[in-house]
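In: Sequence plus the predicted model coming up.
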Amino acid sequence: MQRKSESMAERERLMEGGWVSLEMNNLCTYTCYLIENEFLRLSGIVSMVTGYVINEDVDAVGLFNRLSERNIQHLEVASDGKCCSPILD
């Protein structure tokens, strides 16, 4: 029983030490890169098919980094149990 409580204490220490926040930060950053790449792919297809060039620049990674620097929570749980993300809203 003592080993189990030590293991749970170690896991809690890791979670409070920023490991979860770091991994969530990495996940959101890579998702932003994916969104940017998909937008570039879509704009390339649109320009080939229609001849219309989309001159909009998507800076999802920059936006995420600015929000992350302000220490905004990645995921918030409301009192009714629903989860929402202030970064994605």
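Out: Arrived safely, thanks for sending. Bear in mind that the values here come from a model prediction, so they are computed numbers and not experimental data.
In: Following the chain onward from the worst-scoring helix or strand of the chain on mean pLDDT, which element is next?
Out: Using mean pLDDT, DSSP states H and E, the weakest-scoring helix or strand in the chain turns out to be strand 76-77, at a mean of 68. Counting by DSSP states H and E, the element after strand 76-77 in chain order, helix or strand, is strand 83-84.
In: and that following strand, which strands flank it?
Out: Strand 83-84 pairs in its sheet with strand 76-77 (antiparallel), by DSSP bridges.
In: which non-adjacent residue is nearest the most centrally placed residue in the chain?
Out: By C-alpha atoms, centre = their mean, the chain has its centre lying nearest to C28, at 1.9 Å. Counting by C-beta to C-beta, 6 or more residues apart in numbering, C28 lies nearest to F64, which is 5.7 Å off, once chain neighbours are set aside. To be clear about C-beta, it is placed using only N, CA and C from the backbone, and glycine gets the same treatment.
In: Please apply the same query to F39.
Out: Nearest one to F39, counting by C-beta to C-beta, 6+ apart, is V58 at 4.7 Å.
In: Could you look up the SS state of the one you found?
Out: Three-state call for V58 (DSSP: H, G, I helix; E, B strand; the rest coil): coil.
In: So what does it have for phi and psi?
Out: phi -100, psi 120 (degrees, to the nearest 10).
In: hey, where'd the helices end up in the chain?
Out: 2-16, 19-50, 60-69 (DSSP state H).
In: can you give me the angle the longest one makes with helix 2-16?
Out: In this case it means helix 19-50. Using axes from the mean of the first three to the mean of the last three C-alpha atoms, to 10 degrees, the inter-axis angle of helix 19-50 relative to helix 2-16 is 50 degrees.
In: sorry, back to before: surely the residue nearest to C28 touches Y30?
Out: No: the criterion here is C-beta atoms under 8 Å, and F64 misses it with Y30 at 10.2 Å.
In: ok, back up a step: can I assume the residue nearest to the centre of the chain is in contact with V61?
Out: No: using C-beta under 8 Å, C28 is not in contact with V61, being 9.4 Å away.
In: That's all I had, so thanks and see you.
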